[in-house]
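Q: dropping a prediction and its sequence here:
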Amino acid sequence: MFPDDDNGQVLRQMVAEGDNLSIPREIDFAVLFETEQAALEFCVAMLRQGQKVSFSEYEDSDEMPWQVFLHPFMEPSHENISAFEAALEGESEGFGGVLDGWGCIAQN
């Protein structure tokens, strides 16, 4: 049903737990940054593209202590998530950002 990769594994687990993946919802994609300045500049760039973002310190990493979440509203399909991650990786790279996964609230 899903490709054999990290996103496919998460989606399979979501289905097994009863999540209805046909229901669109806000999905949270995390990007980590080494400096507050880089994180803030990335936030501004994403806001200019119409993205909903949130920003905070990230206590789980001394090397990348700043976290930005992007919150697009979409159907959690493998294609949508993988495409958004690929675009996000390209956008964040110039700011020194590193993708740190995604998550969402289950819809039954």
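A: Cool, the structure landed.
Q: for Phe73, list the residues it contacts.
A: 24-27 (CB atoms under 8 Å, 6 or more residues apart in numbering). Every residue, glycine included, has its C-beta placed from N, CA and C.
Q: for the longest strand belonging to the chain, buried residues please.
A: Secondary structure of the chain per DSSP state E: the longest strand is strand 25-33. The neighbour-count check on strand 25-33 (16 or more other CB atoms under 10 Å) flags 25, 27, 29-33 as buried.
Q: same check, this time on stretch 85-101
A: For stretch 85-101, the neighbour count (16+ other CB under 10 Å) marks 85, 88, 91-92, 95-97, 100 as buried.
Q: any idea how far stretch 81-97 is from the middle of the chain?
A: Relative to its chain's centre, stretch 81-97 lies at 9 Å (CA atoms, centre = their mean, to the nearest Å).
Q: about what we covered before: format the contacts of Phe73 as CSV; extra columns: distance to Ser54 and pLDDT.
A: Listed next are the contacts of Phe73 as CSV, based on distance: CB to CB, whole Å; pLDDT from 0 to 100:
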residue, distance to Ser54, pLDDT
Pro24, 19, 98
Arg25, 16, 98
Glu26, 11, 98
Ile27, 13, 98
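Q: how about TSV for these, with distance to Gln51 added?
A: Below are the contacts of Phe73 laid out as TSV (distance: CB to CB, whole Å):
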residue	distance to Gln51
Pro24	16
Arg25	16
Glu26	12
Ile27	12
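Q: what is the subsequent helix or strand relative to the helix ranked longest in the chain?
A: Counting by DSSP state H, the longest helix found in the chain is helix 78-93. Once the chain leaves helix 78-93, the next helix or strand it forms, by DSSP states H and E, is strand 98-104.
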